[in-house]
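Engineer: Sequence first, predicted model second:
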Amino acid sequence: MAEAIALEQVDPHSVPLDQIDVSRAELMQSDNHWGYFERLRKEDPVHYCEDSMFGPYWSITKFNDIMEIEGNHKDFSSAAGIVLADRPEDFETVNFIGMDPPKHDAQRKTVQGVVAPMNLAKLEGTIRERAAGILDSLPLDETFNWVDRVSIELTTQMLATIFDFPFEERRKLTYWSDMATSGELAGGPTPEPVRRAALMECLEYFTKLRDERVEEPLKPDLLSMLAHGEDTRNMPPMEFLGNLILLIVGGNDTTRNSISGGVLFLNQNPDEYEKLRNDTALIPNMVSEIIRYQTPLAYMRRTAARDVEFHGKKIKKGDRLAMWYVSGNRDDEVIEDPNRFWIDRPRARHHLSFGFGVHRCMGNRLAEMQLRVLWEEIMQRFRFVEVVGPVKRVQSSFVRGYEEIPVQVHRWE
């Protein structure tokens, strides 16, 4: 079976189709998944993997097929969760992305206001001030980890702001986000007991904060909205925890890994970097291209709500499906020259990284704004953010992220 083949070390075309398991974390950690997804898109776009660490599952790898499933929540439900692993019955964290309408809609609506256009306009000045402070603190002529000093720091500062979380303890948010996504259930290295202990610490901390917010007037932060919202104020503890983790991961992992990826992609494509130096008006479009090219969350799960035939394949009620955004974003039938990083790409926002339909990422505009403002500030200061050593990626088949990107920054002369 699949475990007998080290997929990341062999030619993707040498592996029998029925032994391909693209959910293996080693594939993405080594950045060797692309050939497998290209093959599945061409030969078996609705692919059944019988044996994986998560059990059997279907892979949906083409852009339009993913859109079709995203838009059909009656046949393909979110209620069993968004990762391939089933939720442990003794530690079941539920959140609104793991719900179907109408309950999903009510809970999402409660917190949607924090990223409403009026609030985003107010946040832009704060983001610019924070980005400038972070960039001005970077050492010159010295190697440092861009992921820690810039990507994590900016997104964690903004997350503390939109939660109105104690600013001096903001790195707790980073830790809880990492614990949530690096567990064994997502193919990561963190033992399940360690992950659970960290998440219970998160629940305890936020429960105290929420109890304080209940006694205060409603304010435009996520926690106050949850505390006062009609559909969220009385959530059971594990549902409260589930929604906290969803909002923390959504506001942290995705943006931070796009910030990291952008530096890497410009280094890998020096002509595009030169294009950016010559015309910084390309930044908004480049941001969309970075988000497509990175695809910070590799997939989302759906579960068949009934027996259904999908593109000639018989999918049974209860079957797991992975909608591989990371593959759909490289589908050459929909996206021109999809493996090219192209900062002035036409229709750059036509991608799957934020999902589609009722579950489309509610913080997509905030993510784009953080990236845009950061790159505007970077280009004012630095001619070149140079990657000077090997990149270390996270061990996960769900989050496409980075632990280390060693860089040096070079000012304009």
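Structural biologist: Perfect, thanks for sending it.
Engineer: rest of the way, CA atoms for contacts and neighbours
Structural biologist: OK.
Engineer: Show me which positions of stretch 65-84 end up buried.
Structural biologist: By neighbour count with 16 or more other Cα atoms under 10 Å, stretch 65-84 contains the buried residues 65-67, 69-70, 73, 75-84.
Engineer: out of those residues, who's nearest V388?
Structural biologist: For the buried residues of stretch 65-84, the residue nearest V388 by Cα to Cα is V83; the value is 34.2 Å.
Engineer: In helices, which of the buried residues of stretch 65-84 fall?
Structural biologist: D65, I66, M67, I69, E70 (DSSP state H).
Engineer: how about JSON lines for the residues you listed, with pLDDT added?
Structural biologist: Formatted as JSON lines, these follow (pLDDT from 0 to 100):
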{"residue": "D65", "pLDDT": "97"}
{"residue": "I66", "pLDDT": "96"}
{"residue": "M67", "pLDDT": "93"}
{"residue": "I69", "pLDDT": "93"}
{"residue": "E70", "pLDDT": "90"}
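Engineer: what's the closest of those to D307?
Structural biologist: For these, the nearest to D307 is I69 (14.0 Å; Cα to Cα).
Engineer: correct me, but that closest one touches F76?
Structural biologist: Yes: under the criterion of Cα atoms under 8 Å, I69 makes contact with F76 at 6.5 Å.
Engineer: which SS state does G188 fall under?
Structural biologist: coil (DSSP: H, G, I helix; E, B strand; the rest coil).
Engineer: That one is in contact with Q395, isn't it?
Structural biologist: Yes: look at G188 against Q395 with Cα under 8 Å: they come within range, at 5.2 Å.
Engineer: quick one: which of those two has more around it?
Structural biologist: For G188 versus Q395, neighbours defined as other Cα atoms under 10 Å are more numerous around Q395 (27 against 22).
Engineer: Name the secondary structure element that contains the more buried one.
Structural biologist: For Q395, there is no helix or strand it lies in under DSSP states H and E.
Engineer: where does it land on pLDDT?
Structural biologist: You'll see Q395 listed with a pLDDT of 90.
Engineer: Just list the residues touching it, thanks.
Structural biologist: A25, E26, M28, Q29, S182, G187, G188, P189 (Cα atoms under 8 Å, 6 or more residues apart in numbering).
Engineer: 6 Å instead, please
Structural biologist: Applying Cα atoms under 6 Å, 6 or more residues apart in numbering, we find Q395 in contact with A25, Q29, G188.
Engineer: from the residues you listed, which is closest to S258?
Structural biologist: The closest of those, once distances to S258 are taken by Cα to Cα, is Q29, at 15.9 Å.
Engineer: Can you report phi and psi for the closest residue in space to G35 that isn't next to it in sequence?
Structural biologist: The shortest distance from G35 to any non-neighbouring residue, by Cα to Cα, 6 or more residues apart in numbering, is to P12 (5.7 Å). Here is the backbone geometry of P12 (degrees, to the nearest 10): phi -60, psi -30.
Engineer: again with R393
Structural biologist: Dihedral angles for R393 - degrees, to the nearest 10 - are phi -100, psi 160.
Engineer: pLDDT below threshold where in the stretch 201-350 of the chain?
Structural biologist: Along the stretch 201-350 of the chain, the parts satisfying pLDDT under 70 run over 231.
Engineer: Break down it into its strands, ranges please.
Structural biologist: With strands called from DSSP state E, counting those that start in this stretch, the stretch 201-350 of the chain shows them at 299-304, 308-310, 313-315, 320-324.
Engineer: E404: which of those strands is closest?
Structural biologist: strand 299-304 (22.5 Å).
Engineer: Remind me what that closest one packs against, helices and strands.
Structural biologist: When contacts are defined as 3 or more Cα pairs under 6 Å, 6 or more residues apart in numbering; DSSP states H and E, strand 299-304 packs onto strand 76-77, strand 320-324.
Engineer: From the rest of the structure, what touches it?
Structural biologist: So strand 299-304 is in contact with 75-78, 82-84, 317-325, going by Cα under 6 Å, 6+ apart.
Engineer: Could you work out the most separated pair of those?
Structural biologist: Longest span within the contacts of strand 299-304, Cα to Cα: K317 and Y325, 22.7 Å.
Engineer: more crowded one of those two?
Structural biologist: The neighbour comparison of K317 against Y325 (other Cα under 10 Å) goes to Y325, with 27 against 14.
Engineer: Enumerate every residue touching that one.
Structural biologist: Shown in contact with Y325 (Cα under 6 Å, 6+ apart): A298, Y299, L352.
Engineer: Kindly recompute the last result at 7 Å.
Structural biologist: Neighbour list for Y325: T295, A298, Y299, L352, S353 [criterion: Cα atoms under 7 Å, 6 or more residues apart in numbering].
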